[in-house]
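> show me how the following folds:
(2 chains)
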There are 2 protein chains.
Amino acid sequence: MADTLLQPHSSADTRLKERAAAVVPGGMWGHQRAAAVPRGFPQFFAGGDGARVRDVDGRDYIDFMCSWGPIILGHRHPAVDEAVRRQFQAGDCLDGPTEHLVVLAEMLVETIPHAAWAMFQKNGADAMTTCVTIARAATGKRKVLAAAGAYHGAVPWCSPSLVGVTAEDRAHVVNYTYNDVESLTAAAAEAGDDLAAIVVSAFRHDISRTQELPSREFAAAARALCDRAGAALVLDDVRAGFRLDLGGSWERVGVRPDLAGYSKAIANGQPLAAVTGGEAFREAAAKVFVTGSFWYGGAPMAAAVATLTELHRVNAPERLEAAGRRFAAGLTEQASRHGFDLEISGPPAMPMVLFKDDAERLLGEAFCQEALARGVYLNHRHNMFLSLAHTDAVIDEALEATDAAFAALAVKTRD
Amino acid sequence: MADTLLQPHSSADTRLKERAAAVVPGGMWGHQRAAAVPRGFPQFFAGGDGARVRDVDGRDYIDFMCSWGPIILGHRHPAVDEAVRRQFQAGDCLDGPTEHLVVLAEMLVETIPHAAWAMFQKNGADAMTTCVTIARAATGKRKVLAAAGAYHGAVPWCSPSLVGVTAEDRAHVVNYTYNDVESLTAAAAEAGDDLAAIVVSAFRHDISRTQELPSREFAAAARALCDRAGAALVLDDVRAGFRLDLGGSWERVGVRPDLAGYSKAIANGQPLAAVTGGEAFREAAAKVFVTGSFWYGGAPMAAAVATLTELHRVNAPERLEAAGRRFAAGLTEQASRHGFDLEISGPPAMPMVLFKDDAERLLGEAFCQEALARGVYLNHRHNMFLSLAHTDAVIDEALEATDAAFAALAVKTRD
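Numbering: from 1, shown residues only, chains lettered A, B, ... in the order given. Predicted coordinates:
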């Protein structure tokens, strides 16, 4: 690998990393923890524009992470920014909500077939915890089925880490295997007459693993088990929401949930999450007590209204899928030409790009480093995200860089 | 009560309330639930400026809720807004944090004596849950002591409501009575050698109840119990942080926590929360996995840097206390002159204003309605908040209105 290509990051970013190491545990935490940032990758960013992000050393990259999902229209989309600016100039955080809350709830109810109502939060985990709380309130039952390895947030009941988490935090969570009807049925049997909810991800997007779309059989089984038990089918659309289908990601398999959680792309980067639910869960939703100091702020909801309007206008899922297909086709062809065995899985708009026989993802990491040095920001363990700013021209420009990155990797791995 | 004074809210606000009732469970949820909004009060707001908020019908009020705490410099403070605007124009939600994260962490470490490091979140509940998770990770123990009736967030382990919450969510929470050393000692004894943390509010600010500042004896006992057990003393400064003492609210009683949670006022309304901790808890803080999609956004951190800079510059706690004293003195004199028995409790910058012998707070509600009709926005069950925009002139203007409100209430209650 061309180590010298990674040197330009030694200035502002390095200094910030050193300062962060002193005043931030581990230098940074969570999914952005310093230890998980590949060598040579920038940790600190200055801005973004369309499909590009700029690091603190002024280097621009074509961005295939889209801020880990939130950016769906491209960075600094004019219509969204204008909506935010307008509310911000009047006042964002007030003594109560703004009219945007009502407009946004109406929009979601109109857009999402299962939704009779909506509530808003800040984190994806807020949305998922709210769904589970509503399901328990509605059913009077406790058990929640969740797929092993699925990510629903970093709070005790579902965190991927058990550090600082007690056994009781998970006491009523029963695991099943995604897309495995038999294991789901067995988990439901284990819950018995105490089943409150089955939580399903939009698709299987576990870290560093081949992605799987839900099978129709699995989706139908989840729906049927909930119907039989009077439990809530809860769709975690936090990561995938609005990229695959504006009506909810399981529209594609013909199954509608009772409750769904959204966040990431809902407001093109403004902090917001949402829960939608059906009529049968409205009363329980009104009874639970969930809230936060910033949950009623106007600007993020104004941003969401503008974002959804634009997503509708351009038929976003179709365009995102086409962009993802163009990117994947290019990568696949390049990999094969340079002698690599690539596996690109999941929906084209949210591809996981893995090298085969690369269990520790070292080859993947080296490839991402080569791509970064050529102006393309990728991830080797997490699914990536396309945005509407990823035009054919942008993707072709990125593919030029990845072609060179594969070539460099081929030289390197032949050493 | 002059019912006609409340009629102007029947237009835009009423229409939004009706629309919200259709698409939002209960018309609105959480601490802003529609059922808790007094009759005649606006539910929807359009903006704010300094010490004033404007409802969707264009009526301005002198605002003594400050958006339930976040607004500490006044609505739309120019220095904060400029910092937000600058980062927002570059890009807010990026692939990693901005330099503001480092600057803000450094500032907190410099400002808060117990702090060796900082981490950031979105909700106060995120901060408190993170504190508890770190305490458990550091100690390998499970029990968390929390005061009965204290508010630490609306998530299962600490929500004031048990609807949709399981017994296991609270399995390791042991209650004590705030400011009661004996009950605290008994709770610690109950936890035995499984004590991970004692969680204390900055002061006792339970809903609809006389507020109590912490006694030095209570604070010292909490510190000593933690030291003896090797447990973490966790200060919940989410509501009070930066209003009472920039170094943390328990500086006033001479006790420093191991971990502290902040949110509300930290960024003058921008969505942000923080955890600070001592050196002994750094390693555990680096080990736990806590994160969120929007936790690294640049604009709220830029806002926090600007907010803290301004709070330091003007010696905010002293000014806020003086403003609160002026307001309380005026209210007390007026109440007495109009024949009412008022009890104003807690720190002057965060007063709880209750009428004596008013268990259901009906008199308090009627008074708030009279004040609202005269352009002053108060709360009869929750502590209120002063900001730096509450100048003497603003407070005197508010007191003119409350004088008339007391007079109207006197007429009404004499009927």
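
> helix, strand or coil for whichever residue of the stretch 251-400 of chain A sits closest to chain B?
Closest contact between the stretch 251-400 of chain A and chain B, by C-beta to the nearest C-beta, is at A:Thr291 (2.6 Å). From N, CA and C alone the C-beta is placed, and that goes for glycine too. At A:Thr291, secondary structure determined by DSSP: H, G, I helix; E, B strand; the rest coil is coil.

> spit out the contact partners of the residue nearest to it when sequence neighbours are not counted.
In space, and not counting its chain neighbours, A:Thr291 is closest to B:Gly30: 2.6 Å by C-beta to C-beta, 6 or more residues apart in numbering or on different chains. Taking C-beta atoms under 8 Å, 6 or more residues apart in numbering or on different chains as the definition of contact, the neighbours of B:Gly30 are A:289-292, A:295, B:154.

> what's the most distant pair in those residues?
Distances among these were taken as C-beta to C-beta; the most separated pair is A:Phe289 and A:Trp295, at 12.3 Å.

> three-state assignment of the most centrally placed residue in chain A?
Note on chain A: the residue nearest the mean C-alpha position is A:Arg239, at 2.6 Å, using C-alpha atoms, centre = their mean. When states are read from three-state DSSP, the local structure at A:Arg239 comes out as coil.

> quick one: it from B:Ala224, how far?
As for A:Arg239, its distance to B:Ala224 is 46 Å (criterion: C-beta to C-beta, to the nearest Å).

> same question, A:Arg76
On the measure of C-beta to C-beta, A:Arg76 and B:Ala224 end up 53 Å apart.

> same question for A:Ser215.
Relative to B:Ala224, A:Ser215 is positioned 59 Å away (C-beta to C-beta).

> and for A:Asp95?
When C-beta to C-beta is the yardstick, A:Asp95 and B:Ala224 sit 41 Å from each other.

> which ones are touching the residue of the stretch 251-400 of chain A closest to chain B?
By C-beta under 8 Å, 6+ apart, the residues touching A:Thr291 are B:29-32, B:154.

> can you tell me which of those residues is closest to A:Arg209?
A:Arg209 lies nearest to B:Ala154 out of the contacts of A:Thr291, by C-beta to C-beta, at 33.6 Å.

> wait, the closest one touches A:Phe289, no?
Yes: when contacts are counted by C-beta atoms under 8 Å, B:Ala154 is listed as touching A:Phe289 (5.3 Å).

> of A:Arg76 and B:Ala224, which one has the most company?
A:Arg76 (20 against 15; other C-beta atoms under 10 Å in any protein chain shown).

> list the contacts for the more buried one?
Contact partners of A:Arg76, counting by C-beta under 8 Å, 6+ apart, are A:47-50, B:89, B:91.

> would you mind giving the residues you listed as a markdown table with distance to B:His390 and pLDDT added?
Putting the contacts of A:Arg76 into a markdown table (distance: C-beta to C-beta, whole Å; pLDDT from 0 to 100) gives the following:
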| residue | distance to B:His390 | pLDDT |
| --- | --- | --- |
| A:Gly47 | 36 | 98 |
| A:Gly48 | 38 | 98 |
| A:Asp49 | 40 | 98 |
| A:Gly50 | 43 | 98 |
| B:Gln89 | 31 | 95 |
| B:Gly91 | 35 | 96 |
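
> what would the residues you listed look like in CSV with distance to B:Glu99?
Below are those laid out as CSV (distance: C-beta to C-beta, whole Å):
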residue, distance to B:Glu99
A:Gly47, 11
A:Gly48, 15
A:Asp49, 18
A:Gly50, 22
B:Gln89, 15
B:Gly91, 13
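
> near chain B, which residues of the stretch 251-400 of chain A are found?
In this structure, the stretch 251-400 of chain A approaches chain B at residues A:263-264, A:269-271, A:277, A:282-298, A:300, A:377, judged by C-beta under 8 Å from any C-beta of the partner chain.

> in the stretch 301-415 of chain A, which spans are helices?
The residue ranges that make up the helices of the stretch 301-415 of chain A, judged by DSSP state H, counting those that start in this stretch, are A:316-337, A:362-373, A:392-414.

> out of those helices, which is the most enclosed?
Here the criterion is mean neighbour count by mean count of other C-beta atoms under 10 Å in any protein chain shown, and of these the winner is helix A:362-373, at a mean of 23.

> what packs against that helix?
Of the remaining helices and strands, those touching helix A:362-373 by 3 or more C-beta pairs under 8 Å, 6 or more residues apart in numbering or on different chains; DSSP states H and E are strand A:352-355, helix A:392-414.

> tell me which of these sits nearest to B:Ala36.
Distances from B:Ala36 to each of these were compared using C-beta to C-beta; the shortest belongs to strand A:352-355, at 45.4 Å.
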